[in-house]
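S.K.: What would the 3D arrangement of this be:
(one chain, ligands or ions: 1)
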Amino acid sequence: MAPVDEEREQVGVGPWQGEWPSDERYDPELLAEGDRRNVVDRYRYWTLEAIVADLDTRRHPFHVAIENWAHDLNIGSVVRTANAFLAAEVHIVGNRRWNRRGAMVTDRYQHVRHHPSVADLLAWAAESGLPVLGVDNLPGSVALEGYPLPRACVLLFGQESVGLSDAAREAAVDVLHIAQFGSTRSMNAGAAAAIAVHAWIAQHAGPPVQG
Ligand SMILES: C[S@@+](CC[C@H](N)C(=O)[O-])C[C@H]1O[C@@H](n2cnc3c(N)ncnc32)[C@H](O)[C@@H]1O
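M.R.: Okay, here's the model as predicted:
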């Protein structure tokens, strides 16, 4: 068996073997050097722009929004989840700068929009005809389990410790909680986003495109 480090180096594919494809979606640099990105096989050797354009043809109509008042480290993970389940867009509410580490560059394939305040997000959502659903385990929240999520909607998450801001709670059509059974008060926003977004997928998405 190859040592682990050696295996890691083998992630992705090496230089293109044989005659190069003429399709302009292929990136000459990746064809020459190999493609070590964390992308599905279908997108191997494609340019970033070509991948985004292809994703744009089949994005789901749910949006993911997260409040960013204190540079929560989980935001990157929320963005990665949004990418994995093909959200229409990601919305960062509050500070423009956010910690990208957990996103593992998935934000490059995602449309990320910034709103300085919850009021700005709400104005945009109203203009777009989208209901905003808060996701948090707050008093008065409704169980996500069994809740009929609208096809087109914004799922709005809060941040570590404080959770959804008062403005976000008041703005939400409903606040949804994910049932928990252990001793911790809550999960991190990244874990909660994965569960809530997958609830949308289970209700609305068809089978994924292969590859
Ligand atoms: C660490 S939680 C913070 C606050 C939480 N209200 C508390 O009392 O501890 C951060 C964010 O993760 C999401 N979250 C964590 N656990 C959740 C749960 N059980 N149900 C719904 N959302 C949850 C929410 O969006 C929340 O704002």
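S.K.: buried stuff in stretch 146-155?
M.R.: Leu149, Cys153, Val154, Leu155 (16 or more other CB atoms under 10 Å). (Glycine included, C-beta is placed from N, CA and C.)
S.K.: out of those residues, which one sits closest to the ligand?
M.R.: The closest of those to the ligand turns out to be Leu155 (CB to the nearest ligand atom; 8.9 Å).
S.K.: re the thing from before, show me which pair in the buried residues of stretch 146-155 is furthest apart.
M.R.: Maximum pairwise distance in these, criterion CB to CB, is 11.0 Å, between Leu149 and Val154.
S.K.: who touches both of those two?
M.R.: Common contact partners of Leu149 and Val154 (CB atoms under 8 Å, 6 or more residues apart in numbering): Phe62, Leu133.
S.K.: Kindly tell me how buried Ala193 is, as a neighbour count.
M.R.: 26 (other CB atoms under 10 Å).
S.K.: show me the contacts for it.
M.R.: Applying CB under 8 Å, 6+ apart, the residues near Ala193 are Val64, Ile66, Ser77, Val78, Thr81, Ala82, Val135, Leu155, Phe157.
S.K.: Downstream of the helix or strand hosting Trp124, the next helix or strand is which one?
M.R.: In the assignment (DSSP states H and E), Trp124 maps to helix 118-128. Going down the chain from helix 118-128, the next helix or strand is strand 132-135, by DSSP H and E.
S.K.: buried sites along that next one?
M.R.: Val132, Leu133, Gly134, Val135.
S.K.: related to what we said a few turns ago, can you list which of the contacts of Ala193 are found in helices?
M.R.: Ser77, Val78, Thr81, Ala82 (DSSP state H).
S.K.: Perfect, I'm done here.
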